[in-house]
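Peer 1: What follows is a protein structure lacking sequence information:
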């Protein structure tokens, strides 16, 4: 017998597809892919890939070969790229897969050249994370490779800074010398910068899942993830009573509390202590006291009918939750834990 968890993520499949379609339109004539790494940003990569493939997405991106294996039977005829390239011990999995490695180092390029299969390549245009340097490419590091897509990655596309133009300039210089079939530079924020940054293929991630990477996306990107927890206890505290670890909240007057079955073990982190909120029938119910491992207290004077066992939605609209918690929208999604039932509509 399986026991239903007292936590759930209600995941809006229509919103996911709507977000992808807006990003595709924003990219002009470029193909629009989808980053499904980190288990689809915590939502479930298989469900994400299935829904977006049905909507027309034909390019997906994961981080590792283990992630590629998890979606192998739902990818259909779409393209799958493994962003971290490969270690030598990954070769058996890579050779058995239809996915392509994204080559990031000269050593990876040498090993893959011997295999003779198509690959993607990442060039580092200034983020100084993964990717070959332009000088390595000029020295012939990619000679003999069959390159499907040449990638780079913006460092600051969520800001209006000169570095965006500089990275685009460097990318165009390198791509003019690399015989790749396609070019890809933009993530979600890069797409928002405008179609001049889209080239042949875009790689949105955050905005697919309801994040707002730049102001241009506001009003177009829909919330996908709705976090819900059950009430374990409804209780009254008196004026002067303290709530939670270290007594960080003291009731200024008698008040009603609901204790929710959610905490930092579930990705509802301590940054929401005293700043987060739940929502119920249009009413905002503030978090009081410190979020603990499995429990969070909310003040429910505005909703005195809340009872033990009720489901309560946490305010998890990503930009607002990021402001409440001090966490990035990326962290908010990818730290959601394994104790949730993930329920798609």
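Peer 2: Now that the structure is in, tell me what you want to look at. Note that the structure is predicted; figures quoted are calculated from it, not measured.
Peer 1: quick one, helices of the stretch 51-200 of the chain?
Peer 2: Listed in chain order, the helices of the stretch 51-200 of the chain (DSSP state H, counting those that start in this stretch) span 65-71, 91-96, 106-115, 134-138, 162-175, 188-193.
Peer 1: Among those, show me which one is buried the most.
Peer 2: helix 188-193 (a mean of 26; mean count of other C-beta atoms under 10 Å). All C-beta atoms are positioned from the backbone trio N, CA, C, and that covers glycine.
Peer 1: what packs against the next helix or strand after that helix?
Peer 2: Note on helix 188-193: by DSSP states H and E, the next helix or strand toward the C-terminus is strand 201-202. Counting contacts by 3 or more C-beta pairs under 8 Å, 6 or more residues apart in numbering; DSSP states H and E, strand 201-202 packs against strand 31-32, strand 182-184.
Peer 1: what about these, which gets the closest to residue 254?
Peer 2: strand 31-32 (54.0 Å; C-beta to C-beta).
Peer 1: Name every strand pairing with whichever helix or strand comes after the closest one and say which way it goes.
Peer 2: Once strand 31-32 ends, the next helix or strand along the chain (criterion: DSSP H and E) is strand 34-35. In the sheet, strand 34-35 lines up against strand 59-62 (parallel) (DSSP bridges).
Peer 1: got a list of contacts for the partner strand?
Peer 2: With contacts defined as C-beta atoms under 8 Å, 6 or more residues apart in numbering, strand 59-62 is touched by 31-37, 45, 49, 52-53, 68, 71, 75, 78-83, 99, 201, 203.
Peer 1: Is it possible to mark the buried ones in these?
Peer 2: 31-37, 45, 49, 52-53, 68, 71, 75, 78-83, 99, 201, 203 (16 or more other C-beta atoms under 10 Å).
Peer 1: residue ranges of the strands in the stretch 1-150 of the chain, please?
Peer 2: 7-11, 31-32, 34-35, 59-62, 79-82, 100-103, 119-122, 147-151 (DSSP state E, counting those that start in this stretch).
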